[in-house]
Every structure is written in C-alpha cells, then in structure tokens.
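**Student:** A predicted structure for the sequence below; I have some questions about it.
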Amino acid sequence: MSKKTVSFECLSNAEADRIRYAVSLHRHALKQQGVDLRNYAPATAAAAGFGWDTVERAARAMSNGSVTYMSYRIADALRAALVTLAQRTPDRDKHLAATRTAERLNALVTSARAGEQA
C-alpha cells in the first residue's frame, strides 16, 4: 500500500450511514459556495485529481466491518464532510459521533501526509 493510500475500517452500519449523510450534506454546502464538484480536488504534481462523485462512491462502499482503501485526499474530503455535519447538527450524540469519525480519518490523513514528506 502506498504512503498516500489509507485504509479505513467502518465500525458499524450507523457509522456508514452517518458518513453517507455527511457527504450528501457537504455536497450541498459546497454547491452553495460555488465549488466545482466535478473538479473538487484538482490534480497536483504528486496526485491525480477527482470530483465529489469519487468521494460519494467511497462513502457508498462502506458498511459494518468493511475496510475501504482510498487516497488520503479522499479520506480528507470525508473528514471535511463529517466536520460539516458535526457543526450543523443540534443533536449532541450525532455531533460526538461525527467528530469521533472525523478524528479517526484525520489521524489517517496526518499519518499519510507525514509519510509523503519522509
């Protein structure tokens, strides 16, 4: 597995549902901000670009106990979506659950970025 690839284990169907909902919610927020969803993450010298549909496919692939392999940039997009959900939900339990999952993804992204710089 490349240093730029992370593996994320989904802990429950509820977590998978939360991620999918966060991705959908974040899609609407991005559209309102005028972000081009077809070119969400432009290509760089070190990485291929991708659109928001790629993030949605990663979220749809998750279920209880599944392990999803993805670029750290896709994991970071999922993390951003969960942060949006945590910020917007008035429900404390949903806020905490979204924050915990975002923190797990953040740890994977941080580790991958550190490996990239090594």
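**Tutor:** That came through fine.
**Student:** Mind giving me the packing neighbours of the longest helix seen in the chain?
**Tutor:** Scanning the chain for the longest helix, with DSSP state H as the assignment, gives helix 92-117. Helix 92-117 sits against strand 5-9, helix 13-32, helix 72-88, with contacts defined as 3 or more Cβ pairs under 8 Å, 6 or more residues apart in numbering; DSSP states H and E. C-beta: built from backbone N, CA, C; applies to glycine.
**Student:** Can you say which of those is packed in most?
**Tutor:** The highest average neighbour count among the helices and strands packed on helix 92-117, using mean count of other Cβ atoms under 10 Å, belongs to helix 72-88 at a mean of 22.
**Student:** Show me which residues of the least confident helix or strand in the chain by mean pLDDT are buried.
**Tutor:** Lowest on mean pLDDT, DSSP states H and E among the helices and strands of the chain sits helix 92-117, with a mean of 92. For helix 92-117, the neighbour count (16 or more other Cβ atoms under 10 Å) marks 94, 97, 98, 101, 102, 104, 105, 106, 108, 109, 112 as buried.
**Student:** re earlier: output the helices and strands packed on helix 92-117 in CSV; the columns should cover distance to residue 45 and mean pLDDT.
**Tutor:** Shown next, in CSV, are the helices and strands packed on helix 92-117 (distance: least, Cβ to Cβ, whole Å; pLDDT from 0 to 100):
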stretch, distance to residue 45, mean pLDDT
strand 5-9, 18, 95
helix 13-32, 24, 97
helix 72-88, 13, 97
